[in-house]
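1. Curious how this folds, go ahead:
(one chain, ligands or ions: 1)
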Amino acid sequence: MRSMVAGLGGQVRAATGVRVPDLSPAGELLVVGMGGSGIGGDYLAHLASLHGARVAGHKSYGLPGWVASARPTVLAVSYSGNTEETLSAVDAAADLGLPVIVVTTGGAIGDRAGAHGWPVVAVPAGLQPRAALGHLLGAALMISTAVGLVPSPVPDLEEAADVVDSLTASGGAGWALAGDLAGSLASRAVIVYGSTGLTAPVAQRWKTQINENGKRPAWFSVFPELDHNEIVGWSADRGLNGRLGVVTLVDRDDGADVARRRTITREVTANDVDWIGEVHSQGDSALARMMSLTAIGDMVSVALAEVAGIDPVPVAPIEDLKNRLREES
Ligand code: F6R
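-> Numbering: from 1, shown residues only. All right, here's what the predicted structure looks like:
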């Protein structure tokens, strides 16, 4: 997993050369996909919104009711191509006659695409889905450009790749920072705080990477909403607070209102939150800043596994669950 994380920058760079088939223009996209494949849709939704384009996400069976009238183009992302919910979503899209574009390594969704004539962007096989974010998000960005929603992402992909490479270089600052954070968080469940906008989807990525690579409970919350509930949750410690740690993700575009809330929240909860750290984005473009925080989170998740002497790669509970679902269907 260490080498897969170190390959993230290379994946982002490789996306600049992704060959996208001819696509019809789209007024909006609905990204369907789960877990490590779905998170790229959350990143894309934010990045597209910066250009005034609408990208929504759907992480469940079927499709949301609004699609029948809005008729978005469905962008289905499944690394394996065999994820039950994503297959159900594209089947619903086919029933409604919606345009579908697929990003995958193959699997059943590849077969469906062949049968329906849906365009496919293939990504390299052989990775864990969550370790293919650079390929999956890169492909989704290139597709978003091809359907006319966002300008070319190539300059931002190149910058993001450089920023990520500098962080994930062996012996570099990123691994040292990740090791420090993992040392402090080793005996804690982690709550990652993001803010509406750029850091919210990245906070979710931290949570899922800490779950899957670090193999420990983790959650994420988002400013300003967390000020309306979560801060109360800390206030009557019943022996839990000392087992929790907060990592706050900070970006220059969080805005003055959120920055003010962050400071006051920290003061208001100072007696209750047992450990808190802050990680700042790096780079210029929004994509580079998102990917810088992503890279650090990925490294922290690996470092947490290493501290615990656990192999970060296998995700046995997910495999077991998928097998059970297959057997029982
Ligand atoms: C495993 C992982 C999972 C999968 C999810 C969906 O590394 O990250 O969250 O991404 O179970 O599977 P795919 O991505 O194959 O559609």
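2. Just the element for the residue positioned nearest the centre of the chain, please.
-> For the chain, the residue nearest the mean C-alpha position is I39 (3.4 Å; Cα atoms, centre = their mean). I39 belongs to helix 35-49 when elements are defined using DSSP states H and E.
3. Return the residues of this protein in contact with the ligand.
-> The chain comes close to the ligand at residues 34-37, 78-80, 83, 86, 128-130, 212, 315, 318, as judged by Cβ under 6 Å from any ligand atom. To be clear about C-beta, it is placed using only N, CA and C from the backbone, and glycine gets the same treatment.
4. from the residues you listed, which ones fall inside helices?
-> Using DSSP state H, 35-37, 86, 212, 318 are the members of the residues of the chain next to the ligand that sit in helices.
5. which ones are touching the nearest residue to G27 once chain neighbours are set aside?
-> In space, and not counting its chain neighbours, G27 is closest to P72: 7.2 Å by Cβ to Cβ, 6 or more residues apart in numbering. Neighbouring residues of P72 by Cβ atoms under 8 Å, 6 or more residues apart in numbering: 26-30, 56, 98.
6. Quick check: L141 vs V121, distance?
-> 11 Å (Cβ to Cβ, to the nearest Å).
7. Settle it for me: which of these two has more neighbours?
-> L141 (27 against 24; other Cβ atoms under 10 Å).
8. right, and the more buried one touches L44 too?
-> Yes. Under the criterion of Cβ atoms under 8 Å, L141 is in contact with L44, at a separation of 6.6 Å.
9. which residues in the stretch 1-150 of the chain form strands?
-> Applying DSSP state E, counting those that start in this stretch to the stretch 1-150 of the chain gives strands spanning 28-32, 54-58, 73-78, 100-104, 120-122.
10. Excluding residues flanking it in the chain, which one is nearest whichever residue of the chain sits closest to the ligand?
-> Going by Cβ to the nearest ligand atom, the ligand is nearest to G35 of the chain, at 2.1 Å. Sequence neighbours aside, P129 is the residue nearest to G35 in space, at 6.4 Å (criterion: Cβ to Cβ, 6+ apart).
11. Can I get stretch 66-81 in PDB, CA atoms only?
-> Below are the C-alpha coordinates for stretch 66-81, written out as PDB (Å, rounded to 0.1, in the frame of the first residue of the first chain):
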ATOM      1  CA  TRP A  66     -35.300  13.500  -9.700                       C
ATOM      2  CA  VAL A  67     -33.400  11.900 -12.500                       C
ATOM      3  CA  ALA A  68     -36.500  11.000 -14.500                       C
ATOM      4  CA  SER A  69     -37.300  14.700 -15.200                       C
ATOM      5  CA  ALA A  70     -33.800  16.200 -15.000                       C
ATOM      6  CA  ARG A  71     -32.300  13.400 -17.200                       C
ATOM      7  CA  PRO A  72     -28.600  13.800 -16.300                       C
ATOM      8  CA  THR A  73     -25.900  11.800 -18.000                       C
ATOM      9  CA  VAL A  74     -25.000   9.000 -15.600                       C
ATOM     10  CA  LEU A  75     -21.300   8.500 -15.000                       C
ATOM     11  CA  ALA A  76     -20.800   5.000 -13.500                       C
ATOM     12  CA  VAL A  77     -17.600   4.400 -11.700                       C
ATOM     13  CA  SER A  78     -16.700   0.900 -10.400                       C
ATOM     14  CA  TYR A  79     -13.100  -0.200 -10.300                       C
ATOM     15  CA  SER A  80     -14.000  -3.900 -10.200                       C
ATOM     16  CA  GLY A  81     -17.100  -3.500 -12.300                       C
END
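12. chain center to stretch 62-70: distance?
-> 23 Å (Cα atoms, centre = their mean, to the nearest Å).
13. buried set for that stretch?
-> 63-64, 67 (16 or more other Cβ atoms under 10 Å).
14. Equivalent analysis for stretch 41-53, please.
-> In stretch 41-53, counting by 16+ other Cβ under 10 Å, buried: 41-48, 53.
15. Kindly report the same for stretch 307-321.
-> Using 16+ other Cβ under 10 Å as the test for burial, stretch 307-321 gives 312, 315.
16. How is the chain divided into domains?
-> 2-157, 172-308 (automatic domain parsing).
17. Distance to E328 and mean pLDDT added to those domains, as TSV?
-> Output for these, formatted as TSV (distance: least, Cβ to Cβ, whole Å; pLDDT from 0 to 100):
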stretch	distance to E328	mean pLDDT
domain 2-157	11	98
domain 172-308	24	97
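18. Restricted to buried residues, select the residues of the chain next to the ligand in PyMOL.
-> Of those, the buried ones can be selected in PyMOL as follows, counting by 16+ other Cβ under 10 Å:
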select buried, resi 34+35+36+37+78+79+80+83+86+128+129+130+212+315
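19. Between the residues of the chain next to the ligand, which sits nearest A303?
-> E212 (14.1 Å; Cβ to Cβ).
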